[in-house]
Structures are given as structure tokens and as C-alpha cells.
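Engineer: Next come a sequence and a model predicted from it.
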Amino acid sequence: MHEMGIANSILEAVQKEARRYPHARARKVGVRIGELAAIDAEALRFCFEALSRDTDLDGLQLEIELCPRRHRCERCNCAFIVRDYDCRCPQCGNFARECVSGDELELAYVEVEEDEPSSLATKSSQ
């Protein structure tokens, strides 16, 4: 199951990004997955939760944006979503071979939250 490797790569990327903000905690990570990427979103979510459990990223939310397959017509430049494997342009009927999206697998964002200083630390510094 390659979803395990992908989940691990996502977590590594979040840890790398989190090191840039030492007084913050990663709360949410978003990924974009194209329908042609051959990734099972639920398997990815399961692997992500299993790998992050009992780590410093436990509780990190994974948001998955599924991206449809889109083609662009060479004749009229219309971009459209391919449905039921029909690659004909809805405007001119031309067979559009240029795939412009739907095969992506990308880290979209990492949302971090600043840690609140504890009231104990505030009192001891006074």
C-alpha cells in the first residue's frame, strides 16, 4: 500500500515546516489529490492517523481535496472536467488529449497555531 509511504512523507514535510516555527504547533495539513493519482483517500487517512498516533503530531488534522481530471481543448482552448472518460470538448466537440489536472499529489498547506504562554511562566517572570 503506497498510501503508507505518502502519509509518512506528508508527516515529514509537516515536521520540517513546524521546525521553522518553534513556538507554534501544527494543527492541520491539506493535500490535493488528483483522481488519476491512484491514491485511495480513505486508506491515506487511515495510514496518516496510524503514523501520527502517539507522536508530537498526534491530533493533526488531514484535509484532502480531491481534484477532478480536467482537459484543455487544443482547438478552442476550453478547459473542462472529464466525466465518464468522455474527452470531447463540450464547446466544439473536438477530442481533447491535453490533460491539465487530475494527476496531482501536492501538499497544499500546513496550518499552525501559536502556543499560548502558560500563566505560570508569566507569573514567574514578574
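Structural biologist: Thanks, I have the structure now.
Engineer: What's the local residue count around Arg32?
Structural biologist: Arg32 is flanked by 17 other residues according to other C-beta atoms under 10 Å. For glycine as for every other residue, the C-beta is placed from the backbone atoms N, C-alpha and C.
Engineer: Could you do Leu11 as well?
Structural biologist: Leu11 has 20 nearby residues by other C-beta under 10 Å.
Engineer: which residues pair with the most centrally placed residue in the chain across the strands?
Structural biologist: The C-alpha lying nearest the average C-alpha coordinate of the chain belongs to Val31 (C-alpha atoms, centre = their mean; 0.3 Å). On the basis of DSSP bridges, Val31 is bridged to Ile64, Leu107.
Engineer: Is it in contact with Ile64, as I believe?
Structural biologist: Yes. Counting by C-beta atoms under 8 Å, Val31 sits close enough to Ile64 to count as a contact (5.7 Å).
Engineer: Mind pulling up the pLDDT for the closest residue to Val82 other than its chain neighbours?
Structural biologist: Sequence neighbours aside, Arg69 is the residue nearest to Val82 in space, at 4.4 Å (criterion: C-beta to C-beta, 6 or more residues apart in numbering). Confidence at Arg69, expressed as pLDDT, is 96.
Engineer: So which residues make contact with the longest helix seen in the chain?
Structural biologist: Longest among the helix segments of the chain by residue count, using DSSP state H, is helix 2-19. Helix 2-19 is touched from outside by 24-26, 29, 31, 39-40, 43-44, 46-48, 50-52, 55-57, 60, 62, 105, 107, 110, 112, with contacts defined as C-beta atoms under 8 Å, 6 or more residues apart in numbering.
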